[in-house]
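Asker: Fold the following, please.
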Amino acid sequence: MGVGHCMKCWKKWSHDKCLKCGATETIKHVISCPAPAAREVWAKAVKGLRDWMEGVRTDPQIMESVVGTMSSKEIINQAAFGHETLPPGCDAPTGGYRH
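Answerer: Modelled structure (predicted):
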């Protein structure tokens, strides 16, 4: 399944909006959506990662570095999330994807 922008492009949806907050949904938006339900899903995923890392006995410093980064708002602003690859036939939305 694609994000809202691609779903609209592929004519699967009539809109490109996030179902949680109504903003244009890009991959970057999925990571940074301010809706409480989206933040809760992200927090549960980070907790799941922490639990798994503890279960496989990851070095505590490595675990804290990874989980700390994933818990940080800085992850949202990382350059990797700003360079999204578009599926064939999709144009870049304003302020979203970069080619």
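
Asker: what's the nearest residue to residue 50 if we skip its chain neighbours?
Answerer: Take residue 50 and drop its neighbours on the chain: the residue closest to it by Cβ to Cβ, 6 or more residues apart in numbering is residue 67, 4.9 Å away. Where C-beta positions appear, they are placed from N, C-alpha and C, glycine not excepted.

Asker: again, but for residue 37
Answerer: Distances taken as Cβ to Cβ, 6+ apart place residue 20 nearest to residue 37, at 5.4 Å, with adjacent residues excluded.

Asker: ok so, going back, neighbours of the residue nearest to residue 50, how many?
Answerer: Using other Cβ atoms under 10 Å, the number of residues around residue 67 comes to 17.

Asker: Nearest the geometric middle of the chain, what residue?
Answerer: By Cα atoms, centre = their mean, the chain has its centre lying nearest to residue 31, at 2.3 Å.

Asker: how far away is that residue from residue 18?
Answerer: According to Cβ to Cβ, to the nearest Å, residue 31 stands 12 Å off from residue 18.

Asker: Quick one: the helices in the protein, in order.
Answerer: Using DSSP state H, the helices found in the chain span residues 4-9, 27-32, 36-55, 60-71, 79-82.

Asker: Can you give me the pLDDT of the closest residue to residue 39 other than its chain neighbours?
Answerer: Spatial nearest neighbour of residue 39, excluding adjacent residues (Cβ to Cβ, 6+ apart): residue 33 at 7.6 Å. We have a pLDDT of 88 for residue 33.

Asker: repeat for residue 95
Answerer: The model reports residue 95 with a pLDDT of 45.

Asker: about what we covered before: ok, the residue nearest to residue 37 touching residue 32?
Answerer: No: Residue 20 is beyond contact range of residue 32, at 11.7 Å (criterion: Cβ atoms under 8 Å).

Asker: What is the burial count for residue 18?
Answerer: Residue 18 has 19 neighbours, counted by other Cβ under 10 Å.

Asker: ok, now how distant is it from residue 51?
Answerer: Distance, residue 18 to residue 51, by Cβ to Cβ: 28 Å.
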